[in-house]
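Visitor: Provided below are the primary sequence and the corresponding predicted coordinates.
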Protein chains: 2
Amino acid sequence: MSKGHRAVTLREVAEAAGVSIATASRACSKPELVTPETRELVAAAIERLGYRPNVIAQDLKRAATGVILVVVPSLSPYFLDIFRGVEAAAAELGYTALVGHSDRRGDREVAFVDRVRSRRADGIILATSVDSGGLHIARQPLPPIVVALDECGAGYLPSVSVDHEAAAFAATSHLLALGHRRIAHIAGAAGSSMSEHRLQGFRRALADAATPLDPELLFQGDFTVEAGERAMERFLMIPRRPTAVFAANDEMALGVLRACRRAGLKAPRDLSVVGFDDQRIAALTEPSLTTVGVPTMALGRQAMLQLGRILAGEAVPQKLVLPTKLTLRASTGPPPRP
Amino acid sequence: MSKGHRAVTLREVAEAAGVSIATASRACSKPELVTPETRELVAAAIERLGYRPNVIAQDLKRAATGVILVVVPSLSPYFLDIFRGVEAAAAELGYTALVGHSDRRGDREVAFVDRVRSRRADGIILATSVDSGGLHIARQPLPPIVVALDECGAGYLPSVSVDHEAAAFAATSHLLALGHRRIAHIAGAAGSSMSEHRLQGFRRALADAATPLDPELLFQGDFTVEAGERAMERFLMIPRRPTAVFAANDEMALGVLRACRRAGLKAPRDLSVVGFDDQRIAALTEPSLTTVGVPTMALGRQAMLQLGRILAGEAVPQKLVLPTKLTLRASTGPPPRP
DNA sequence: TTGTACGCGTTATCAT
DNA sequence: ATGATAACGCGTACAA
């Protein structure tokens, strides 16, 4: 790391303009406190020398950076939508939002939290599950932080989330209402509390309908297309095949559709498929995907607004839960009549 | 923006440990210059008080931040792959990479360049076309900057790119070799030099094969799925339909496939389709997409390595061109026999 | 090995 | 309205 080329400082501007450094500073940040003439003088010097204020020095003075870090587990469109929401709200509040991705590694999450501990950023929004790293960082007094999408750490941290359990319940109930009884579920990544909640909603819907759950119809996935394909391949080998599959996210549902097509099955005639998240791809698949819409942008937006309140020293509700919406498309229908 | 909660400073650590602030500083950054005992003493105080160094102050001293900004036009998987490449190389060099997105707006690009001008970052990688903003920022001496993917500003800036023209030539030649003569092209966003070069390659291939280009077979797109759909709908209305379509990116090619399906046409039997970029989606479409592979990660990686050299004060080649690779999949075949 | 003192570039508090 | 000066938190010559 080099020093870069010598930069022009405010002191040099002041000398060039023939004023004191204090006046030069005021001419920049509080022009109304300075006569129009000196303002002109300073402006000219700035232009001539190509001066740019050193924000690092400003930050040191202000003891704030105006930067908000958004940590996502992966750079997928889904999480980036959350980021967009944050970004919009941040702009309104005068902050700049930057993305970091943790690769689902707890140590990287902690590293980002450390970035704000060491004043490189004012606050942080975790659009990720810190189940593992959570305790680790909770030992120290925590910097301004809001969790988006998932609550975590047993509610230690303020969060903005959706009710994954209720949404999964609704999705499963939709399939039950269509007449399905053998419904399979592909769970998300193990250890993610989001996956856990979605699974619980699935279970509760079946229980409410007095429909027993065949353990063979439960597959441990990991949110990837490939996991969806493997799951469906497994389901196809079961003597009494499921008539519907509820995947814990859209990517895995896409995998299910692909495996079906390869096997010569047509959705929804032979098999109904439901996803989760309502990513952009959900409307583009063939057939288009019935799925649970998660208000990703709104999640990001609300998380940033909460963080803004915390940064302003206000008290905030510990939990904020946003509504989801089941979007019915072409991939679900009544079960086949055998 | 608030000041956050009062933070522990090195001075307090020094007092708590009963040493001078200089010794405390050394115990942190150069432990070998201090006796094991005092090292212990300071470490204990740090632990007890929960001290974290103020990186802003460190940066002010060093006159460097260790941060590299990567500016992308949109947060699409494509550009994020470039970012991943940058990130990996940055880690090796001891830098941290952060993403900013410009929304294809010149003023936002300039704003990011200003971030490094004002020392919030050491350097910047533009994975975007600054054709418009280019001149605007070129008036001042430029900070360390490398352009990835596209060369721009008439070669003012060091760049790492691919030969879009040659790649488009190869893709079109592939279709010609299969026997196609009526080949349509859907261009990328207007004003993007990348689109321009791809179009030129297309034209040259036709010219080399002495195949005239019907103006009706040229559609001005904008890199979106919808543009691909609209283009194909137009092509379907032409009396002498094209037998092949070369889209300037995969998303538009995907739109072509969708429009085909709706019209009851099957690729590649009725129509061959070629994309550009080889995004992840290209292998997942039905049929899978023949497309030009752009080494996105390598582009990012090389851009960062170049930037590292610039930052280290070394001279770098003005242009670095990486190879592309035409990947043949299922969407192309011989033209239909009428 | 450790402590003293200055500077990094800026803003803010006093005087004038 | 403007100028001198003290911070902000840290690193580092230099002296001890």
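Guide: All right, it came through fine. Numbers count the residues shown, from 1 in each chain, chains lettered A, B, ... in the order given.

Visitor: Quick check, the residue in the stretch 101-250 of chain A closest to DNA strand C?
Guide: Across the stretch 101-250 of chain A, the shortest distance to DNA strand C (CB to the nearest atom of the strand) belongs to A:R119, at 13.4 Å. In short, each C-beta sits where N, CA and C put it, glycine included.

Visitor: and A:P335, how many residues sit next to it?
Guide: 19 (other CB atoms under 10 Å in any protein chain shown).

Visitor: which SS class is the residue of the stretch 101-250 of chain A closest to DNA strand C?
Guide: When the structure is reduced to helix, strand and coil (DSSP: H, G, I helix; E, B strand; the rest coil), A:R119 reads as coil.

Visitor: buried sites along stretch A:285-304?
Guide: By neighbour count with 16 or more other CB atoms under 10 Å in any protein chain shown, stretch A:285-304 contains the buried residues A:285, A:287, A:289-304.

Visitor: Oops, could you answer that again for stretch A:78-91 instead?
Guide: A:78-87, A:89-90.

Visitor: Relative to DNA strand C, how far out is A:R261?
Guide: For A:R261, the distance to DNA strand C equals 61 Å [CB to the nearest atom of the strand, to the nearest Å].

Visitor: That residue - how many residues pack around it?
Guide: For A:R261, the number of neighbouring residues by other CB under 10 Å comes to 13.

Visitor: helix or strand for the nearest residue to it once chain neighbours are set aside, which one?
Guide: Closest residue to A:R261 in three dimensions, ignoring its sequence neighbours and counting by CB to CB, 6 or more residues apart in numbering or on different chains: B:E286, at 7.0 Å. Taking DSSP states H and E as the definition, B:E286 sits outside all helices and strands.

Visitor: show me the contacts for B:E286.
Guide: If a contact means CB atoms under 8 Å, 6 or more residues apart in numbering or on different chains, then B:E286 has A:261, A:286, B:257 as its contacts.

Visitor: do A:R258 as well
Guide: With contact set as CB under 8 Å, 6+ apart, A:R258 has these partners: A:225, A:228-229, B:284.

Visitor: Would you mind naming what in the stretch 201-338 of chain A lies close to chain B?
Guide: When proximity is defined by CB under 8 Å from any CB of the partner chain, the stretch 201-338 of chain A lies next to chain B at A:225, A:254, A:258, A:261, A:284, A:286, A:311-313.

Visitor: which stretches of chain A form strands?
Guide: Read by DSSP state E, chain A holds these strands, from start to end of the chain: A:67-72, A:96-101, A:123-126, A:145-149, A:159-162, A:183-187, A:218-220, A:244-247, A:272-277, A:290-293, A:319-322, A:325-327.

Visitor: The second one and chain B in contact?
Guide: Okay, so that is strand A:96-101. Yes - using CB under 8 Å from any CB as the criterion, contacts between strand A:96-101 and chain B involve A:98-100.

Visitor: how about those residues in CSV, adding neighbour count, distance to B:V146 and pLDDT?
Guide: Compiled in CSV, these are given as follows (neighbours: other CB atoms under 10 Å in any protein chain shown; distance: CB to CB, whole Å; pLDDT from 0 to 100):
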residue, neighbour count, distance to B:V146, pLDDT
A:L98, 22, 19, 89
A:V99, 24, 20, 87
A:G100, 21, 21, 85
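
Visitor: Could you export those residues as CSV, including distance to DNA strand D?
Guide: Compiled in CSV, the residues of strand A:96-101 next to chain B are given as follows (distance: CB to the nearest atom of the strand, whole Å):
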residue, distance to DNA strand D
A:L98, 22
A:V99, 26
A:G100, 22
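
Visitor: wait, which of these is closest to B:P212?
Guide: When the residues of strand A:96-101 next to chain B are ranked by distance to B:P212 (CB to CB), A:V99 comes first, at 47.8 Å.

Visitor: just checking, the closest one touches A:V72?
Guide: Yes - using CB atoms under 8 Å, A:V99 is in contact with A:V72, at 6.5 Å.
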